[in-house]
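Undergrad: just coords:
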């Protein structure tokens with residue numbers, strides 16, 4: 001059930017990403033070309049359109065599935081972290097310990113989405129300045145930890161959040177478990193454990 005649910009989400013994300021890129025993005029670019037005259041008002045409107053085009057492009061990029069089957073988990077994580085650093089200015093450190101490429105494409109995609117959601121939550125809510133992401137490889141499982149120095153939250157009061165629920169569903173679809181530890185003014189730590197199959 002979890003796998004079918006996640007597969008449905010990914011197919012819909014891919015469809016929306018394609019629509020945003022191919023249809024909405026193209027039409028916005030055409031509008032911008034029409035507006036590029038020498039008048040000051042048109043110039044301001046074109047600037048706003050350019051900002052909107054960039055937002056749509058970024059949203060399309062975020063929704064599209066990562067090319068996990070081409071590069072493996074570590075390169076996909078490094079790419080996500082580099083992009084997050086670039087767009088937010090957040091200091092993010094990534095370390096991997098004894099990890100061998102043992103996950104298949106679908107598993108890599110789910111780990112990517114979990115980490116993507118965790119970083120999005122930190123950027124939106126945590127007011128953090130630093131994030132540490134670590135990947136540990138073991139004989140029968142892998143562990144991913146995401147720790148930030150933000151303002152923290154009460155996990156018991158955040159159980160209904162869409163982002164946290166998506167992270168839990170994705171982790172459970174992999175047969176894994178997720179632990180969230182946080183205290184007000186003391187940051188947060190997320191531990192994800194995924195069995196190797």
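TA: That came through fine. As the structure is a prediction and not an experimental result, all values here were calculated from the model. Numbers count the residues shown, from 1 in each chain.
Undergrad: okay, CA-based contacts and neighbour counts for the rest of this
TA: Noted.
Undergrad: how much space between the residue nearest to residue 102 when sequence neighbours are not counted and residue 82?
TA: Among residues not flanking residue 102 along the chain, residue 196 sits closest, at 7.1 Å (C-alpha to C-alpha, 6 or more residues apart in numbering). Going from residue 196 to residue 82 by C-alpha to C-alpha, to the nearest Å gives 27 Å.
Undergrad: all helices for the chain, in order.
TA: Taking DSSP state H as the criterion, the chain carries its helices at 2-19, 25-35, 40-63, 68-71, 73-88, 105-121, 162-173.
Undergrad: what residues go with each domain of the protein?
TA: 2-63, 68-195 (automatic domain parsing).
Undergrad: Pick the most deeply packed of these.
TA: Highest mean neighbour count among these (mean count of other C-alpha atoms under 10 Å): domain 68-195, with a mean of 17.
Undergrad: Enumerate every residue touching the residue nearest to residue 145 when sequence neighbours are not counted.
TA: Take residue 145 and drop its neighbours on the chain: the residue closest to it by C-alpha to C-alpha, 6+ apart is residue 191, 4.6 Å away. Residue 191 is in contact with 143, 144, 145, 146, 178, 179, 180, counting by C-alpha atoms under 8 Å, 6 or more residues apart in numbering.
Undergrad: List just the nearest of these to residue 121.
TA: Nearest to residue 121 out of the contacts of residue 191 is residue 146 (C-alpha to C-alpha; 11.4 Å).
Undergrad: gap between the spatially most central residue of the chain and residue 50?
TA: The residue lying closest to the centre of the chain (C-alpha atoms, centre = their mean) is residue 116, at 1.8 Å. Distance, residue 116 to residue 50, by C-alpha to C-alpha: 25 Å.
Undergrad: How about residue 133?
TA: For residue 133, the distance to residue 50 - C-alpha to C-alpha - is 33 Å.
Undergrad: Ok, residue 90 next?
TA: Using C-alpha to C-alpha, which is the criterion applied here, residue 90 is 24 Å from residue 50.
Undergrad: for residue 189, same thing?
TA: Taking C-alpha to C-alpha, one finds residue 189 at 37 Å from residue 50.
Undergrad: before we move on, what about residue 140?
TA: Using C-alpha to C-alpha, residue 140 is found at 48 Å from residue 50.
Undergrad: worst average pLDDT in the helices of the chain?
TA: Confidence, taken as mean pLDDT, is least for helix 68-71 of the helices of the chain (a mean of 56).
Undergrad: Would you report the backbone torsion angles of residue 183?
TA: phi -140, psi 150 (degrees, to the nearest 10).
Undergrad: pretty sure it contacts residue 154?
TA: Yes: using C-alpha atoms under 8 Å, residue 183 is in contact with residue 154, at 6.2 Å.
Undergrad: Sweet, I'm off.
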